[in-house]
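Trainee: After the sequence you'll find the predicted model.
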Amino acid sequence: MTTYTSGQTASGTVYNSQEILSSGATGLYQSVISTGQILVYSGAALIEQKGKVLYGPYDGGKILVYSGGTIVGGSIGSGGTILTAPTATLSGGFVVANGGVLSHWGSVASGGTLTNGATIYVQSGGSADGITVGSGANIVTSSGGLVSGTIVSSGGGLGLAGVASNTTISSGGVIEVASGGTAIGSTLDGGKAYVDAGGVISKTTVENSGIATVSAGASALNTTVETNGNLVVLSGGAVSGTTVSSGGGLGVAGVASNTTVSNGGVIEVASGGTATGSTLDGGKAYVDAGGVISTTTVENSGIATVSAGASALDTTVETNGNLVVLSGGAVSGTTVSSGGGLGLAGVASNTTVNNGGVLDIGSGGTANSNTINSGAEVYVEPSGTLGTTTVANGGNIAASSGAIISGVVTIQNGGSATIWNNAGGTIDLQSDDNAGLTVSGLASGGTLTTVINGFSGTGPGNSDSIDLAGVSAAGASYAYPSDNQVVITLASGAKITLNITGVKNTGFVLVDDGHGGASAEVCFLADSLISTPSGTVAVQDIQIGDKILSYTNGVVTEQIVVWTGCKHTTVRLGMPDDMAGYPVRILKNAIADGVPFKDMLITPEHCLFFDGRFVPARMLVNGSSIFYDRSIKAYDYYHVETHHHAVICADGMLTESYLDTGNRKTFRQEGAVVALRNTSVTWEDHAAAPLCVERSFVEPLFRNLESRSQEIFGTPVCEETVATTSDPDVRLLTETGAVIRPLRQEAGVYSFMLPSGTAQVRIVSRANRPVDVIGPFVDDRRELGIAVGEINLVFANGKQNIGAHLRTEKPEGWYPTDANSTVVWTNGNALLPLGEATRNPMGILSLTLCAAGPYLLADENEMVISLVG
């Protein structure tokens, strides 16, 4: 044993002996072999680094550094050992070779390199800084130990029960965080991390095919996963604050909270996994059977897909985000806001759709307990089911043929729904002037399987209404088999059965809906003067049994009044004048000298008699001598019925008496005598003269009265000059609410690029009523968009013809046509199912436009009414 004291310097190789460096002593560049030992006491220093040359123990040699001692650098060869006490200092560079051991309770200050087979044991209170762990080498850090700046190369390992900071794990390297261990700020640059029960990783970056696996009882905080990196959370594991960027993936079989998935990132929630508070900011989420996502926000083209057996709770979908629920999947408490979409083939409950949001219920999908707010849209596809739903003012439901209603759909005033006659369920109309329900599929007769509740009102201006699309009112008659059912017999003989609670008591009338039907209402306003044998009598003063004059082929005869009726109406503001209920004012002398002999006020559908034919007053409105009197917002109007429909004279103008086509119950009978008349009549069989709405007859009348107005009144006809355009502005709207503009248009063919898997689109365009664009002498109040002919969908491997619009039973938004017609008009928003074409990848949809426009550029705000109670 050799002892060196203060001021002395030891050198050379220590072989099978012991060297002691006391306080103040120094050892220089010494090797230790066999059973040799160097003991470095407090205040002493052993310097084992000479430039790039390192010395140290090997082949059984040992260096022991006690508290307060210092060792600078060193090479630990095979069989060599360096042991350090808690406050010993290790500085410089260290190389621990194959079979070498560095075990310390102090600190390694300047790093080092571990080669194959080498191990550093960092004990409690010890630390190692900047160590590079090579292939086959390991650092083992006990509880209370600290390593920082470690680089774990391919084949190297870091076992952690203490604390590691700023560790880099390269491809092929491994860090294992054991119970009690914490790794902060690690980068898995292709390497792997295993976090055992009780272990924690924090602020980790996983990239370049790196993988972090979090086991049961372990956790990962604020992890960033990007560029082909993956974070895997096993059952019982937990992660929080994870950010998944482009190319990154998060697999969850445990629990994930507050995750953000950016564009290109993916989170997959497996069976037993739960993800809470996630934000899909352009990223994707796949929820497998048995997986659950909760309080998720989907936005900016993010997509969450819920598979069979999976569920999503309290999801918010907005700003081009989409939630897709596959068959067998379930969602609850979803809120769909502006730009968001919920595509449903599974089950949804307690869904709220706000302004700009879309709920699309596909085949096999079911949505229960829904709230549809203003500006929201719901599409129900064939075999899709809409359960209990409330449609607020401004909300809309469009149900295709074959869609199912289960439960009660409540339509608040201002809300709207379009259904088909085979939908089933119940519609509840709120308020007394609800015009929100449209029923398709009854143009050729049939039964509406849906029960309608809440059908009520006090008169046509204050009544609920139901629009029967494609049904003509002309010649219709009515019967009431029960208190809750009305049967309408059309002029064709076809019968329509409607199930409306209390309809027999509320009364019922079929009127023009603005799409080709004819009104059954013909009425005089108060103070219209009716010609009688004893002079003129105000219409409101005529009683049952009175005689009035009738005019047949120039012969004046007397007719007995068999019934009178009265109604009060209020104008429906915001609708086109011809639909709003404004009375028509015909100025004195407007028709001829003394005709009428005073201003005449009648309802728009009241007919005037010209050349042996009846013409509705609305078709002669020129804005000057004949106009809608907008100053009158509410009024009483009257019916006068004779034994046979007759040409009578009111205010000096030949017009018509009342023809009962089935709306008598909607009027209050005047007088004490009740006339019982149960037989319904038709225009074709019982009218005193033909009803004529053909343009060829009406337009010359209109032009003559227009010219007379300028001559007699000295003022030009008041016609608004409204800008028009021939551009139909055609675009497509997908199930998710995305707008697709045409790629090109050539020779009337518009081409659109469709995303793969698109099941249907809506063809949206400008739309106007011909009566508004051409003139009131055109009896076409349909809202016409574009006339579409051939439709094809072209794929990379072929072409498929789309013909849903040519079928007899057309999708919503297409007008009825003859059986052999090859061109069909839309209403400006027509549904086009793509059928089998949805199995193909993306393709180009081409539409052939056969007619379009012109269109008014001024805003139009129209509402149609078919049924008034």
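Mentor: Nice, thanks for sending it over.
Trainee: Could you grab the helix/strand/coil label for Ser707?
Mentor: Following DSSP: H, G, I helix; E, B strand; the rest coil, the label given to Ser707 is helix.
Trainee: Count residues in the vicinity of it, would you?
Mentor: The number of residues packed near Ser707 is 12, by other C-beta atoms under 10 Å. To be clear about C-beta, it is placed using only N, CA and C from the backbone, and glycine gets the same treatment.
Trainee: Which SSE is immediately downstream of the top strand by length along the chain?
Mentor: Counting residues, the longest strand found in the chain (DSSP state E) is strand 555-570. Later in the chain than strand 555-570, the nearest helix or strand by DSSP states H and E is helix 577-580.
Trainee: Just give me how far that next one sits from the chain centre.
Mentor: Relative to its chain's centre, helix 577-580 lies at 33 Å (C-alpha atoms, centre = their mean, to the nearest Å).
Trainee: buried stuff in it?
Mentor: Asp577, Asp578, Met579, Ala580 (16 or more other C-beta atoms under 10 Å).
Trainee: Nearest to Pro690, out of those: which one, please.
Mentor: Set against Pro690, the nearest of the buried residues of helix 577-580 by C-beta to C-beta is Asp578 (21.6 Å).
Trainee: how near is that closest one to Val347?
Mentor: Distance of Asp578 to Val347, computed by C-beta to C-beta, to the nearest Å: 45 Å.
Trainee: Likewise for Thr758?
Mentor: Distance of Thr758 to Val347, given as C-beta to C-beta: 23 Å.
Trainee: just for the stretch 651-800 of the chain, where's the confidence low?
Mentor: 660-686, 714-722, 796 (pLDDT under 70).
Trainee: 90 instead, please
Mentor: Scanning the stretch 651-800 of the chain with the threshold set as pLDDT under 90 gives 656-690, 709-725, 734-741, 743-747, 753-759, 772-774, 780-783, 793-800.
Trainee: where exactly do the strands run in it?
Mentor: Secondary structure of the stretch 651-800 of the chain (DSSP state E, counting those that start in this stretch): strands located at 653-656, 668-669, 724-725, 731-734, 739-740, 744-746, 749-754, 760-764, 786-795, 798-801.
Trainee: can I get those in TSV with mean neighbour count and distance to Cys692?
Mentor: Formatted as TSV, the strands of the stretch 651-800 of the chain follow (neighbours: other C-beta atoms under 10 Å; distance: least, C-beta to C-beta, whole Å):
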stretch	mean neighbour count	distance to Cys692
strand 653-656	22	12
strand 668-669	14	31
strand 724-725	13	28
strand 731-734	19	40
strand 739-740	14	44
strand 744-746	11	40
strand 749-754	18	38
strand 760-764	23	35
strand 786-795	19	26
strand 798-801	12	41
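Trainee: any chance you could map the helices in the protein?
Mentor: 503-506, 577-580, 683-686, 695-713, 770-773 (DSSP state H).
Trainee: could I get those helices as TSV with distance to Asp527?
Mentor: TSV is the format used below for those (distance: least, C-beta to C-beta, whole Å):
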stretch	distance to Asp527
helix 503-506	29
helix 577-580	22
helix 683-686	28
helix 695-713	22
helix 770-773	29
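Trainee: For Glu19, find the nearest of those.
Mentor: helix 770-773 (110.2 Å).
Trainee: The closest one packs against which elements?
Mentor: Applying 3 or more C-beta pairs under 8 Å, 6 or more residues apart in numbering; DSSP states H and E, one finds that helix 770-773 contacts strand 855-856.
Trainee: Determine how far the strand it packs on lies from the middle of the whole chain.
Mentor: Centre to centre, stretch against its chain (C-alpha atoms, centre = their mean), the figure for strand 855-856 is 29 Å.
Trainee: what do you get for stretch 120-140?
Mentor: Counting by C-alpha atoms, centre = their mean, stretch 120-140 is centred 55 Å from the centre of its parent chain.
Trainee: just the CA coordinates of that stretch, formatted as CSV?
Mentor: Taking C-alpha atoms only, stretch 120-140 is exported to CSV below (Å, rounded to 0.1, in the frame of the first residue of the first chain):
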residue,chain,number,x,y,z
ILE,A,120,-23.3,3.2,-15.9
TYR,A,121,-25.2,2.8,-12.7
VAL,A,122,-26.5,6.2,-11.5
GLN,A,123,-27.4,5.8,-7.8
SER,A,124,-29.6,7.9,-5.6
GLY,A,125,-28.1,11.4,-5.4
GLY,A,126,-25.9,10.8,-8.4
SER,A,127,-26.1,12.3,-11.9
ALA,A,128,-24.8,11.8,-15.4
ASP,A,129,-24.7,14.6,-18.0
GLY,A,130,-24.3,14.2,-21.7
ILE,A,131,-23.5,10.5,-21.9
THR,A,132,-23.7,8.8,-25.2
VAL,A,133,-24.9,5.2,-24.9
GLY,A,134,-23.7,3.0,-27.8
SER,A,135,-24.8,-0.3,-29.0
GLY,A,136,-24.9,-2.9,-26.3
ALA,A,137,-24.3,-0.3,-23.5
ASN,A,138,-26.7,0.8,-20.8
ILE,A,139,-27.3,3.4,-18.2
VAL,A,140,-29.3,2.3,-15.2
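Trainee: What mean pLDDT does it get?
Mentor: Stretch 120-140 shows a mean pLDDT of 80.
Trainee: shift numbering so it begins at 485
Mentor: Sure thing, new numbering starts at 485, so read that last one as stretch 604-624.
Trainee: That stretch: which residues count as buried?
Mentor: For stretch 604-624, by 16+ other C-beta under 10 Å, it's 604-607, 609-618, 621-624.
Trainee: hang on, the earlier thing: so which of the helices of the chain is the most packed in?
Mentor: Neighbour counts (mean count of other C-beta atoms under 10 Å) averaged over each of the helices of the chain peak at helix 1061-1064, with a mean of 21.
Trainee: Tell me the helices and strands packed up against that one.
Mentor: If you count contacts as 3+ C-beta pairs under 8 Å, 6+ apart, helix 1061-1064 packs onto strand 1110-1112.
Trainee: and for the strand it packs on, what are the contacting residues?
Mentor: 1061-1062, 1064, 1066-1071, 1074, 1088, 1101, 1104-1105, 1189, 1193, 1202 (C-beta atoms under 8 Å, 6 or more residues apart in numbering).
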